[in-house]
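Visitor: With the input below, show me the fold.
(one chain, ligands or ions: 1)
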Amino acid sequence: MTNDVENWLKSQMSYTGKRVLVTGASRGIGRSLAMGFAKAGADLILTARDANALDDAAAEIADLGRNAQKIACDQRDIDQIRKTLGDLGPVDVLVNNAGIEDVRPSADVDEALWDKIVDTNLKGAFFVASVVAAGMAKRGSGAIINIASLTSFVGVPTATPYTASKSGILGVTRALAAEWAPMGIRVNAIAPGYFRTGLTDVFYQDEEWVSEMTGKVPMGRLGKLEDLQGAALFLGAPASAYMTGQCLVVDGGYLASI
Ligand code: NDP
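Guide: Numbering: from 1, shown residues only. As a prediction, the model looks like this:
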């Protein structure tokens, strides 16, 4: 490759000197995305309710020669979001990833469960974005990546509060993109297909489910956590500078084929 090509590619996906905040970074998708940004040269700010659970991710990032700041923040608590994330210094990219799920028939969903899921995945994500965007607006630039879901597009039985929250996050993505574009803040989303994490382990324990779902994915396999890193790096980088309010579906072709 010539130096010109290498330099152009680097400028499109450059994370040197950038600070990326990933919520829910102690395990699963958030941790994998944090590692992707660290490998690309960014320093990280990691959140979860349990700050001790962030130790391993922070150590792995330090091994790559990058900094990782750990913050305990329960994003169901708006005051806590303001206190812990309100004064972080420059944040170039926010990955709004923290989320929960609890599958059960809709008739068995009580108010407490509805609130727990929707307050975490939708209300909390909105207020995290809002608090972090205040700093981005002052500096006139920033990229926010909300983690949506296939349930942002299709109905999944026994997942009504989760589906509501993930459909909502797509609406939030579009509304904020339209409102904050003049401030230099881009807001996009990623909808992952099926990835094995603590959140989905309950499905993966069922071999029949794994084989049935795998059969429905045109690429013939379920997702590996690293499959999401490229989409996140793209949405946070100059390569996607003219893109806002959109959602990248990373699912091996599943949604396109049903
Ligand atoms: P995990 O359960 O593996 O990780 C969830 C993370 O969120 C943990 O770090 C957890 O840390 C944190 N978290 C949970 N609740 C809160 C809270 N109230 N405040 C702050 N942090 C919180 O889940 P996944 O990695 O699978 O999920 C990550 C995101 O991806 C979620 O938004 C999920 O909906 C979405 N997603 C996942 C898919 C999959 O196939 N796995 C598919 C589509 C979307 P702690 O418990 O310490 O707070």
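
Visitor: From here on, just use CA atoms for contacts and neighbour counts.
Guide: Noted.

Visitor: Which elements pack onto the longest strand along the chain?
Guide: The longest strand of the chain (DSSP state E) is strand 185-192. Strand 185-192 sits against helix 125-139, strand 142-147, helix 160-180, helix 229-236, strand 247-250, with contacts defined as 3 or more CA pairs under 8 Å, 6 or more residues apart in numbering; DSSP states H and E.

Visitor: Past that strand, which element shows up next along the chain?
Guide: Once the chain leaves strand 185-192, the next helix or strand it forms, by DSSP states H and E, is helix 201-204.

Visitor: Pull out the buried residues from the following helix or strand past that following helix.
Guide: Downstream of helix 201-204, the next assigned helix or strand under DSSP H and E is helix 207-216. By 16 or more other CA atoms under 10 Å, the buried positions in helix 207-216 come out as 213, 214, 216.

Visitor: Nearest to residue 253 among those?
Guide: residue 216 (9.0 Å; CA to CA).

Visitor: For stretch 29-40, give the mean pLDDT please.
Guide: Averaging pLDDT along stretch 29-40 gives 98.

Visitor: Run the contact check for that stretch versus the ligand.
Guide: Yes - Stretch 29-40 comes into contact with the ligand (CA under 6 Å from any ligand atom), by way of 29, 30.

Visitor: ok, now stretch 152-168?
Guide: No - Stretch 152-168 stays clear of the ligand (CA under 6 Å from any ligand atom), getting no nearer than 7.4 Å.

Visitor: measure that stretch end to end?
Guide: 8 Å (CA to CA, to the nearest Å).

Visitor: for the ligand, what are the nearby residues on this structure?
Guide: 24-30, 48-50, 73-76, 97-100, 120, 147-149, 191-200.

Visitor: Of the residues you listed, just the buried ones, ChimeraX syntax please.
Guide: Buried residues within the residues of the chain next to the ligand, by 16+ other CA under 10 Å, are selected in ChimeraX with:
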select :24,25,26,27,28,29,30,48,49,73,74,75,76,97,98,99,100,120,147,148,149,191,192,193,194,195,196,200
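
Visitor: Just give me how far stretch 199-217 sits from the chain centre.
Guide: 22 Å (CA atoms, centre = their mean, to the nearest Å).

Visitor: Just the CA atoms of it, as CSV, please.
Guide: Extracted in CSV, the C-alpha atoms of stretch 199-217 (Å, rounded to 0.1, in the frame of the first residue of the first chain):
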residue,chain,number,x,y,z
LEU,A,199,-28.4,-11.4,28.4
THR,A,200,-29.0,-14.2,25.8
ASP,A,201,-27.5,-17.2,27.5
VAL,A,202,-31.0,-18.4,28.5
PHE,A,203,-31.7,-19.0,24.7
TYR,A,204,-28.3,-20.5,23.9
GLN,A,205,-28.7,-23.2,26.6
ASP,A,206,-31.5,-24.6,24.4
GLU,A,207,-29.7,-26.6,21.6
GLU,A,208,-32.9,-26.7,19.5
TRP,A,209,-33.1,-22.9,19.6
VAL,A,210,-29.5,-22.5,18.5
SER,A,211,-29.9,-24.9,15.6
GLU,A,212,-33.2,-23.3,14.5
MET,A,213,-31.9,-19.7,14.7
THR,A,214,-28.6,-20.7,13.0
GLY,A,215,-30.7,-22.1,10.2
LYS,A,216,-32.5,-18.8,9.8
VAL,A,217,-29.4,-16.8,9.3
